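**Student:** sequence unknown, structure follows:
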């Protein structure tokens, strides 16, 4: 089962810092390397919302 986080679009500026924080928070899962950046969190734009909204596409500890 996959989890997701829906963020208030008024608070999100689409900077994708949350993706970096996700990789840093889970360093045992992969090597921290700028050439291979695989966050468990991915920012996606929803058609019904005019700003980018982060969604967790894989299980996260808080989503279990």
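**Tutor:** Nice, I can see it. All values derive from a computational prediction rather than experimental measurement.
**Student:** Just name the shakiest helix or strand of this protein by mean pLDDT.
**Tutor:** strand 52-56 (a mean of 51; mean pLDDT, DSSP states H and E).
**Student:** now the end-to-end length of stretch 10-20.
**Tutor:** 21 Å (Cα to Cα, to the nearest Å).
**Student:** Using the neighbour-count criterion, name the buried positions in that stretch.
**Tutor:** 12, 18, 19 (16 or more other Cβ atoms under 10 Å). The way it works is simple: take the backbone N, C-alpha and C, and place the C-beta from them, glycine included.
**Student:** any chance of the residues you listed in JSON lines, with pLDDT and secondary structure too?
**Tutor:** Shown next, in JSON lines, are those (pLDDT from 0 to 100; DSSP: H, G, I helix; E, B strand; the rest coil):
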{"residue": "12", "pLDDT": "79", "secondary structure": "coil"}
{"residue": "18", "pLDDT": "78", "secondary structure": "helix"}
{"residue": "19", "pLDDT": "77", "secondary structure": "helix"}
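**Student:** Where does pLDDT dip in this protein?
**Tutor:** Where the chain drops to pLDDT under 70, the residues are 1-5, 27-34, 38-41, 45-64.
**Student:** how about 50 then?
**Tutor:** Applying pLDDT under 50 to the chain flags residues 1, 50-51, 53, 57-59, 63-64.
**Student:** Same list (the buried residues of stretch 10-20) but as JSON lines, adding distance to residue 35.
**Tutor:** Output for these, formatted as JSON lines (distance: Cβ to Cβ, whole Å):
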{"residue": "12", "distance to residue 35": "27"}
{"residue": "18", "distance to residue 35": "21"}
{"residue": "19", "distance to residue 35": "15"}
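**Student:** With respect to residue 37, which of these is nearest?
**Tutor:** residue 19 (7.8 Å; Cβ to Cβ).
**Student:** Understood, closing this out.
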